[in-house]
Structure formats: structure tokens, C-alpha cells
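Engineer: model the structure of this input:
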Amino acid sequence: MKMRAENIRAEIHISGRVQHVGYRNFAKNAAHRLGITGYAKNLTDGRVFVLAEGKSEALKLFTETLNKGPLFADVEKMDLIFKNPTGEFEDFFRY
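Structural biologist: Predicted structure coming up:
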């Protein structure tokens with residue numbers, strides 16, 4: 001019997017040069033490739049907040065991708081909190 005991959009939810013705060021460098025679009029494209037749902041939005045303090053849900057392996061790849069960021073980004077720090085998924089999203093949005 002094959003085990004199903006578990007869905008998980010991640011709340012991620014990304015610090016560094018992550019605004020005005022295409023970071024949210026980068027996150028959206030990566031999420032679509034990996035089957036991740038949720039959203040990315042800029043925060044007033046210069047960070048980007050990402051709420052993501054998906055299979056644990058896909059989410060691991062997603063966070064590794066977010067840690068690299070797009071070409072002109074400079075990710076200094078990522079704070080991750082893992083929670084139980086809610087299934088409230090059907091897609092990944094950029095706000």
C-alpha cells in the first residue's frame with residue numbers, strides 16, 4: 001500500500017532585498033510549478049509574507065526556491081512556521 005504525501009501549511013517571512021525585485025511573481029511561478037496554493041504579499045516593513053499549502057516534499061522544494069529568490073533579490077533570512085493545512089486556497093495569488 002502506497003503512503004500519501006501529507007499536506008502541510010507554511011507561514012514564511014522573508015527578509016532582505018525582496019521588494020521591487022519581482023519576488024512575489026517569482027514565488028507565484030514556483031508555486032504553480034510545484035502545485036502549491038496560498039499567496040505572497042509585501043509587508044510595510046520591507047519583508048515579504050508567504051502563506052503556502054501543499055505536499056510536504058513540494059513545500060520543501062518551494063522554500064528552498066524562495067530562499068534563493070529571483071535574480072535581483074538578496075534573501076537574508078527566512079522565518080518559517082509550519083501548521084496544519086486549511087485547504088482554503090485553490091491557487092497561489094500575488095497581492
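Engineer: switch to C-alpha atoms for all contacts and neighbour counts from now on
Structural biologist: Noted.
Engineer: strands along the protein, start to end?
Structural biologist: Under the criterion DSSP state E, the chain contains strands at 7-17, 37-42, 48-55, 74-83, 92-94.
Engineer: which of the ones you listed sits most buried?
Structural biologist: strand 48-55 (a mean of 23; mean count of other CA atoms under 10 Å).
Engineer: show me what it is packed up against.
Structural biologist: Strand 48-55 sits against strand 7-17, strand 37-42, with contacts defined as 3 or more CA pairs under 8 Å, 6 or more residues apart in numbering; DSSP states H and E.
Engineer: right, so of the strands of the chain, which gets closest to Lys28?
Structural biologist: Nearest of the strands of the chain to Lys28, taken as CA to CA: strand 92-94 at 6.0 Å.
Engineer: so for that closest one, mean pLDDT?
Structural biologist: Taken as a whole, strand 92-94 carries a mean pLDDT of 96.
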